[in-house]
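Student: No sequence on hand, only this structure:
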């Protein structure tokens, strides 16, 4: 009997370690969302162990930053700051740093393989990190009948959070979603939501990055995943 009780307690602690946590309440307008990343498919010869394992999304009213970095601070950042007209994509691999300055309504570079997607909102609901979430199903002509699911919430107050992403039809904050980068799939699952003061400087344009064209930065990303 004692061993069964110990086992039950261990299972509860194990489950709680993987549960999504809300720290700050609903309808917050600034803070961070932390996601884990699952890689599906080929990512070139780059070992998955050195790829980014987490995505941090910082938000403040209508400003949002997607920050995905891995070993040696290499990674990709997507910045949207409507106040200053910044819709930037940053790409870094060790000492090589480049950025592309996009325009309002333009999808960030690197998502060419997501063209042709069809998104259909459904009546399904779920609770993720304590937030009531809605569902959308996504299909692609190249994927046949395969259906991808996306979950989002309207209980985090960010204006136009997906304006520069392939999911610009969704008016809520993404909680479980995916991206294609070349032949690879990246699946993002929210683990923690924090209410916190986010400095305005978080959404400033980064220094020490060389400005390049959209075609050039897309090529850098393609090269990274096809090494």
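Tutor: Great, that's in hand. Since the model is a prediction, treat every value here as computed from it, not as a measurement.
Student: can we go C-alpha only for contacts and neighbour counts from here?
Tutor: Will do.
Student: Show me the shaky parts of the chain.
Tutor: The model of the chain has pLDDT under 70 over residues 1-24, 42-50, 71-72, 182, 224-227.
Student: Let me see the ranges of the helices in it.
Tutor: Assigned by DSSP state H, the chain shows helices spanning 2-17, 214-225.
Student: list the helices and strands the last one packs on?
Tutor: The one in question is helix 214-225. In this structure, helix 214-225 packs against strand 86-93, strand 96-101, with contacts taken as 3 or more CA pairs under 8 Å, 6 or more residues apart in numbering; DSSP states H and E.
Student: What about residue 123, how many residues nearby?
Tutor: 7 (other CA atoms under 10 Å).
Student: so what's it closest to, chain neighbours aside?
Tutor: Leaving aside its chain neighbours, residue 123 sits nearest to residue 135 (6.9 Å; criterion: CA to CA, 6 or more residues apart in numbering).
Student: for residue 212, same thing?
Tutor: Closest to residue 212 by CA to CA, 6+ apart is residue 100, at 5.5 Å.
Student: who does that neighbour bridge with?
Tutor: residue 89 (DSSP bridges).
Student: can you check residue 56 too?
Tutor: residue 34, residue 67.
Student: returning to that earlier point: now for the residue nearest to residue 123: which residues touch it?
Tutor: 121, 122, 123, 124, 125, 126, 149, 150, 151, 152 (CA atoms under 8 Å, 6 or more residues apart in numbering).
Student: Out of those, which end up buried?
Tutor: Taking 16 or more other CA atoms under 10 Å as the criterion, what is buried in these is 149, 150, 151, 152.
Student: Which single one of these is nearest to residue 178?
Tutor: Proximity of the buried ones among the contacts of residue 135 to residue 178, judged by CA to CA, is greatest for residue 150, which lies at 7.5 Å.
Student: Can you name the residues that contact that closest one?
Tutor: 135, 136, 137, 138, 174, 175, 176, 177, 178 are the contacts of residue 150 under CA under 8 Å, 6+ apart.
Student: what pairs with it across the strands?
Tutor: residue 136.
Student: so residue 97 touches residue 207, yeah?
Tutor: No: with contact defined as CA atoms under 8 Å, residue 97 does not reach residue 207; the gap is 9.7 Å.
Student: higher neighbour count, those two?
Tutor: Neighbour tally, residue 97 and residue 207, criterion other CA under 10 Å: the higher count belongs to residue 97, 16 against 8.
Student: Give me the nearest residue to the more buried one, chain neighbours excluded.
Tutor: residue 209 (4.9 Å).
Student: wait, the one you found sits on residue 99?
Tutor: Yes: the pair residue 209 / residue 99 is scored as a contact, 6.0 Å apart, by CA under 8 Å.
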